[in-house]
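Chemist: The sequence isn't on hand, but the structure is:
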């Protein structure tokens, strides 16, 4: 079963990258397919997202889902697919590409978006 361990602080920090409506849509969709466990900031794990089955679910726009997953990773969230775990949006992007979940074009799109975020020029994912 896929599980998201998230703290209130992390949930709030996601709004730096994603519009609230997008967060609600993806989190609601994930909750129908997996389990969300709210943790206090001091509890562990409080930033872990296991997406082994969810990454293959195509009943939601893949770009929207990936925007939230990668935003989570950019906040020092650990993302796991199967037995592989990665930390940070760059490493998660590489994992998704190596496992053939995203195309070269999608890879380039997200690299550019997160580079712009890092330079203070990004527009939130919506």
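Modeler: Thanks, I have it. Because the structure is a prediction, the values reported are computed rather than measured.
Chemist: From here on, just use CA atoms for contacts and neighbour counts.
Modeler: Will do.
Chemist: Let me see the ranges of the helices in the chain.
Modeler: With DSSP state H as the criterion, the chain has helices at 8-13, 20-33, 62-74, 89-98, 104-118.
Chemist: which of those helices is buried the deepest?
Modeler: For these, the largest average neighbour count (mean count of other Cα atoms under 10 Å) is found in helix 62-74, namely a mean of 21.
Chemist: so where's this structure shaky on pLDDT?
Modeler: Applying pLDDT under 70 to the chain flags no residue at all.
Chemist: center of it, which residue is that?
Modeler: In the chain, the residue lying closest to the centroid (Cα atoms, centre = their mean) is residue 69, at 0.9 Å.
Chemist: and it, what does it touch?
Modeler: Counting by Cα atoms under 8 Å, 6 or more residues apart in numbering, residue 69 makes contact with residue 79.
Chemist: With the one 4 residues further on instead?
Modeler: Residues counted as contacts of residue 73 (Cα under 8 Å, 6+ apart) are 79, 87-89, 92.
Chemist: And stretch 46-63, how far out from the chain middle?
Modeler: On the basis of Cα atoms, centre = their mean, to the nearest Å, stretch 46-63 sits 8 Å off its chain's mean C-alpha point.
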